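>>> Sharing a model that was predicted from the sequence below.
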Amino acid sequence: MTQIQSPTGAPHARILGVGGYRPSRVVTNEQICEMIDSSDEWIRTRTGIEERRWASAEETVGVMSLAAAGKALAAAGVEPEQLGCVVISTVTHLAQTPSLAVDVANQLGAKNAAAFDISAACAGFCHGLALAQDMIRGGSAEYVLVIGVERLSDLTDVTDRSTAFIFGDGAGAAVVGPSQTPGIGPVVWGADGAQLDAIGQTFTWDALRERPELGFPALRMAGQQVFRWASYQMVPVAKKALERAGITAEQLDAFIPHQANNRITDAMIRALKLPEHVPVARDIAKQGNTSAASIPLAMERMLEEGEAPHGGVALLIGFGAGLVYAAQVVVLP
Amino acid sequence: MATQEEVLAGLAEIVNEVAGIEESDVQLDKSFTGDLDVDSLTMVEVVVAAEEKFDVKIPDDEVKNLNTVGDAVNYILAHSS
């Protein structure tokens, strides 16, 4: 019987560098309230958002991805040619095919990389990290670039009182590579399709074929339903990620949840009994909810501002449309 | 089986804990949003705490029907096991 060889990878994987791109245009709550009947105070108390960034026409998902990737590669000390795979999580690359990742890999000069997009909404970055870790440990790639990028402003109905103030644009990237010591804990992930309708598009693209008068779709969300799910159902997921990594909340150097809403973050902190000495990501205040980009953007800010230590241990948890979720403990680059 | 008074007192405790509102202000005729200034997200927190306290399920679709404290008390009385 003929035998084939099986791949062998590195013993462990870790994040080697992180980088973000924040679009140039600042949109204040006052500007949002010119389009909806709301107030700065209303938005702040319900979300923690003070302002968000909306991309200009030139700041495409490709441009933002390249900028974030360049920073992450430089921070990691990895050359584009060394990348074995580029994974991009986005729900706002508005072309069915080809993928954004192929374009970005090409423009980066990552000529040895496989490239593909994934769709896991606000949990996309954590899904990407899990894939990267498995590729590196499984021997499919030595270095993997994971990018979360969104232009949610393209899918925002600026007259919808329940969502207009939430979303923002941006990109965050991480270079993941081989390690002799554990740098990414076991992922705890899943999908709850029973809540398919909780977050989604107002209508699918093919509806436009029959009814072009519908115009452009937007994101819609059942706010209370999502708030309840995220605030209460995600806590056991976070606890399991800690448990599977073999650490306690006490040992964390940072908590970096998806920046969905500060009220969700607050509820999680209470339910997790997170000790006060653990710094918590609050990037949402200046960035809004940037879906797949929010965790790497928040990680970059915490490291830059010295809020979280390089080499420290952080709990990440992403959750969003699907509903889907993924959590893992990582060593910060 | 809890009485209306007991459910009201328990609910007032929850509203106080979650939203910092005086327990004595939580009366049957008070509306959560209008009178007590409980916003939609705080309402979810109240509902989840009430589910636990009274061993009752309050689905998302029902939450929007609970306008007054009385609505919530009646729902809990009718559905708690």
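Looks like it came in fine. Residues are numbered from 1 along each chain as shown, chains lettered A, B, ... in the order given.
>>> can we go C-alpha only for contacts and neighbour counts from here?
OK.
>>> packing partners for the helix or strand bottoming out on mean pLDDT in chain B?
Across the helices and strands of chain B, mean pLDDT, DSSP states H and E gives its lowest value to helix B:60-63, namely a mean of 89. Under the contact definition 3 or more CA pairs under 8 Å, 6 or more residues apart in numbering or on different chains; DSSP states H and E, helix B:60-63 sits against helix B:40-54.
>>> and the helix it packs on, is it in reach of chain A?
Yes - Helix B:40-54 lies within reach of chain A by CA under 8 Å from any CA of the partner chain, at B:S40, B:L41, B:V44, B:E45.
>>> where does A:M64 land in three-state SS?
Counting by DSSP: H, G, I helix; E, B strand; the rest coil, the backbone at A:M64 sits in helix.
>>> Tell me the spatial nearest neighbour of A:E50, not counting adjacent residues.
The shortest distance from A:E50 to any non-neighbouring residue, by CA to CA, 6 or more residues apart in numbering or on different chains, is to A:A285 (5.0 Å).
>>> What does that neighbour show for phi and psi?
Dihedral angles of A:A285 (phi, psi; degrees, to the nearest 10) stand at phi -50, psi -40.
>>> residue contacts, it?
A:A285 is in contact with A:G48, A:I49, A:E50, A:E51, A:R52, counting by CA atoms under 8 Å, 6 or more residues apart in numbering or on different chains.
>>> cool, A:F125 as well?
A:S89, A:V146, A:I147, A:G148, A:A292, A:A293, A:I295, A:P296, A:G318.
>>> circling back: closest to chain B among the contacts of A:A285?
For the contacts of A:A285, the minimum distance to chain B (CA to the nearest CA) is 12.8 Å, reached by A:G48.
>>> Next one, pLDDT for the closest one please.
Per-residue pLDDT puts A:G48 at 94.
>>> what secondary structure does B:N16 sit in?
Strictly by three-state DSSP, B:N16 counts as helix.
>>> which stretches of the stretch 1-150 of chain A form helices?
Listed in chain order, the helices of the stretch 1-150 of chain A (DSSP state H, counting those that start in this stretch) span A:29-32, A:40-47, A:61-76, A:100-108, A:124-138.
>>> I'd like the distance between A:A74 and chain B.
Here A:A74 is placed at a distance of 41 Å from chain B (CA to the nearest CA, to the nearest Å).
>>> what sits against that residue?
A:A74 makes contact with A:G17 under the criterion CA under 8 Å, 6+ apart.
>>> Which of the helices of the stretch 1-150 of chain A sits closest to B:E62?
B:E62 lies closest to helix A:40-47 among the helices of the stretch 1-150 of chain A, at 21.2 Å (CA to CA).
>>> what about that closest one, near chain B?
Yes - Helix A:40-47 is in contact with chain B by CA under 8 Å from any CA, via A:R46.
>>> now swap in stretch A:188-206 and tell me
No - Stretch A:188-206 does not reach chain B (CA under 8 Å from any CA); its nearest approach is 10.8 Å.
>>> Show me the contact partners of that stretch.
Here stretch A:188-206 makes contact (CA under 8 Å, 6+ apart) with A:127, A:217-222, A:225-226, A:237-238, A:240-241, A:320-328.
>>> for it, which positions count as buried?
By 16 or more other CA atoms under 10 Å in any protein chain shown, the buried positions in stretch A:188-206 come out as A:V188, A:W189, A:A191, A:A198, A:I199, A:G200.
>>> In PDB, list the C-alpha atoms belonging to that stretch.
What follows is stretch A:188-206, C-alpha atoms only, in PDB (Å, rounded to 0.1, in the frame of the first residue of the first chain):
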ATOM      1  CA  VAL A 188     -14.500  28.100  22.000                       C
ATOM      2  CA  TRP A 189     -16.900  28.800  19.200                       C
ATOM      3  CA  GLY A 190     -20.300  28.000  17.800                       C
ATOM      4  CA  ALA A 191     -23.300  29.100  15.800                       C
ATOM      5  CA  ASP A 192     -26.900  29.500  16.800                       C
ATOM      6  CA  GLY A 193     -28.900  29.500  13.600                       C
ATOM      7  CA  ALA A 194     -32.200  29.600  15.600                       C
ATOM      8  CA  GLN A 195     -31.400  33.400  15.900                       C
ATOM      9  CA  LEU A 196     -30.700  33.800  12.200                       C
ATOM     10  CA  ASP A 197     -33.000  36.800  12.100                       C
ATOM     11  CA  ALA A 198     -31.600  38.700  15.000                       C
ATOM     12  CA  ILE A 199     -29.100  40.600  12.900                       C
ATOM     13  CA  GLY A 200     -29.000  40.800   9.100                       C
ATOM     14  CA  GLN A 201     -29.600  42.600   5.900                       C
ATOM     15  CA  THR A 202     -33.000  44.300   5.300                       C
ATOM     16  CA  PHE A 203     -33.200  42.200   2.100                       C
ATOM     17  CA  THR A 204     -30.900  40.000   0.100                       C
ATOM     18  CA  TRP A 205     -29.200  41.200  -3.100                       C
ATOM     19  CA  ASP A 206     -31.200  39.000  -5.300                       C
END
